[in-house]
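1. how does the following fold in three dimensions:
(2 chains)
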Protein chains: 2
Amino acid sequence: MTDNYSIINGEFYKTSEANVLITDLAVQRGYGIFDFFVTVKGEPVFLEDHLDRFYNSAAIMRLTLIPSRETLKKLIYGLIEKNNMPDSGIRITLTGGFSSDGYSLAKPNVLITQNGFVYNKESFYKGINLVTHNFQRQLPQVKTIDYLQAIYLQPFIKENNADDVLYHNEGELRECPRANFFLVTKDNEIVTAENNVLWGVNRKKILSFTEFGAKATTVRLEDIDTAKEAFITSTTKFVLPVLNINGKKIGNGLPGEVSTKLFDNLYNLRMNG
Amino acid sequence: MTDNYSIINGEFYKTSEANVLITDLAVQRGYGIFDFFVTVKGEPVFLEDHLDRFYNSAAIMRLTLIPSRETLKKLIYGLIEKNNMPDSGIRITLTGGFSSDGYSLAKPNVLITQNGFVYNKESFYKGINLVTHNFQRQLPQVKTIDYLQAIYLQPFIKENNADDVLYHNEGELRECPRANFFLVTKDNEIVTAENNVLWGVNRKKILSFTEFGAKATTVRLEDIDTAKEAFITSTTKFVLPVLNINGKKIGNGLPGEVSTKLFDNLYNLRMNG
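-> The predicted structure is shown next:
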């Protein structure tokens, strides 16, 4: 990995030298939030949506004394320029800060990192396989740094010949660790979990395409059995067809018609605003 | 706070300068485990029990390439000497390491920190108040760094005039974020949650006092209503009476006879081995 710059509390650091004290509540207690967006030709995609969610996550987690929206934007554009990296993924993290007692919140540390990212539509055609697992993310509407379960489950995912895990809570479908999940039902309805999931920015865009009428509702494990199509949405995955869940084909096991149309719509919106 | 030394991957650092890269999986994904024990007159208390649990947590979380038990012990005694701090709390943390993709496990960073700690029996007489909350810790038998919920709930705890929160899962009692919970029932049985909790070292000691016959079993919310005594156990709290739960007195609202006897037994064991 070539080295580049990151920003910590408004200052540039070589990423290979960018660090936080081990007394930070992220290290001590896993306490922090973040958001993540991509840039295309130097322009952040859906930035306002991501910043809305970022400040909402921070407020819920009582992370205060943080940079204003304008300051944050300046830092983001500054980093894109400094790294000379127009096509990328950018992550803004707020940690719990350096806590004197290792438990009480302190002034958050603000970390901004950038990595190269270019979307490749090959991934759309390839699709992915999922395996389901009973688990409810804590504080689901906050984009916390908690991916304990997701990383813990990696061997389980591999053993099941899957690419990722789909969480459900006692049969009610939720989400993947880093993506929202949609089904096209036997009645041609496009559905995704309404509550107890992260409200993804790309999920929101899909729900906003009025001509498709996708809706957020209760979706259950057994709805998978009769579904015509399934796909996930995320910042790096756009719309990504799910071809197989728990070893069973979805529809004919190929990217479906609705998924393809939704992909095209989302792609246009992302690339052309 | 006066500065002292910490150890990172076998090297001493001033704690005020002890840091990890922001690419560490603890910062990025909240992935890590730890253990914590106290020292009295330079001697770690129940060290073998804590190391047993530490290596067990590491194994479950697939944190490999870590120091041997002998190496770790040398580092611990080295830190006690370097800091000239015979009475203390020592924390050993393993992080997920510097991950190139921000998701896959890497070589763990091994952090050892020390803070002054002397037990004061005043706290026993004062006791604490708890408020209950429906929540199940993920990977409960692993001492992960995940205290997201506990820190998030601090305002809720204060609003309820409590000192800490007691988790239950749909009515089945679990634990406090940093302590195990026991009841003395109306039938004079000493009980604590059997499963889906961290198996605390001091909990284990209480269960090992054969003359008391404490047992790990299913304990429910409604058992609190008729309980004669309640207490929590932890490395820093020893046996600490719970005088009030959800605004209702336990027994006569004073530290009880069984709690007092268990405290004396545990205190003796801890201080005199």
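2. show me the helices in the stretch 51-200 of chain A, by range?
-> Assigned by DSSP state H, counting those that start in this stretch, the helices in the stretch 51-200 of chain A fall at A:69-83, A:122-126, A:148-152, A:154-159.
3. number of nearby residues for residue A:120?
-> Close neighbours of residue A:120, defined as other CB atoms under 10 Å in any protein chain shown, add up to 8. No exception for glycine: its C-beta is placed from N, CA and C like everyone else's.
4. centroid residue for chain A?
-> Against the mean C-alpha coordinate of chain A, by CA atoms, centre = their mean, the closest residue is residue A:178 at 4.3 Å.
5. got the contact list for that residue?
-> Residues counted as contacts of residue A:178 (CB atoms under 8 Å, 6 or more residues apart in numbering or on different chains) are A:147, A:150, A:164, A:234.
6. which of those residues come close to chain B?
-> Applying CB under 8 Å from any CB of the partner chain, the subset of the contacts of residue A:178 adjacent to chain B comprises A:147, A:150.
7. tell me the one of the contacts of residue A:178 nearest chain B?
-> Of all the contacts of residue A:178, chain B sits closest to residue A:147, with 4.0 Å by CB to the nearest CB.
8. would you confirm that that closest one contacts residue A:177?
-> Yes - here residue A:147 reaches residue A:177: they are 6.0 Å apart, a contact under CB atoms under 8 Å.
9. tell me which of the helices of the stretch 51-200 of chain A sits most buried.
-> Sort the helices of the stretch 51-200 of chain A by mean neighbour count, taking mean count of other CB atoms under 10 Å in any protein chain shown, and helix A:148-152 sits at the top with a mean of 20.
10. quick one: average pLDDT of that one?
-> Taken as a whole, helix A:148-152 has an average pLDDT of 97.
11. against which helices or strands is that helix packed?
-> Judged by 3 or more CB pairs under 8 Å, 6 or more residues apart in numbering or on different chains; DSSP states H and E, helix A:148-152 is in contact with helix B:25-29.
12. ok so, going back, pull out the buried residues from the contacts of residue A:178.
-> Buried by 16 or more other CB atoms under 10 Å in any protein chain shown: A:147, A:150, A:164, A:234, out of the contacts of residue A:178.
13. can you give the domain ranges for chain A?
-> Domain assignment for chain A by automatic domain parsing gives A:5-116, A:122-272.
14. and the shortest one with chain B, contact?
-> Yes - applying CB under 8 Å from any CB, one finds domain A:5-116 in contact with chain B at A:6, A:8, A:15-32, A:61-62, A:91, A:93, A:95-96, A:100, A:102-105, A:111, A:113, A:115.
15. quick check: closest non-adjacent residue to the residue of chain A found nearest chain B.
-> Scanning chain A for the residue nearest chain B gives residue A:30, at 3.5 Å (criterion: CB to the nearest CB). In space, and not counting its chain neighbours, residue A:30 is closest to residue B:30: 3.5 Å by CB to CB, 6 or more residues apart in numbering or on different chains.
16. now residue A:258
-> Sequence neighbours aside, residue A:184 is the residue nearest to residue A:258 in space, at 4.8 Å (criterion: CB to CB, 6+ apart).
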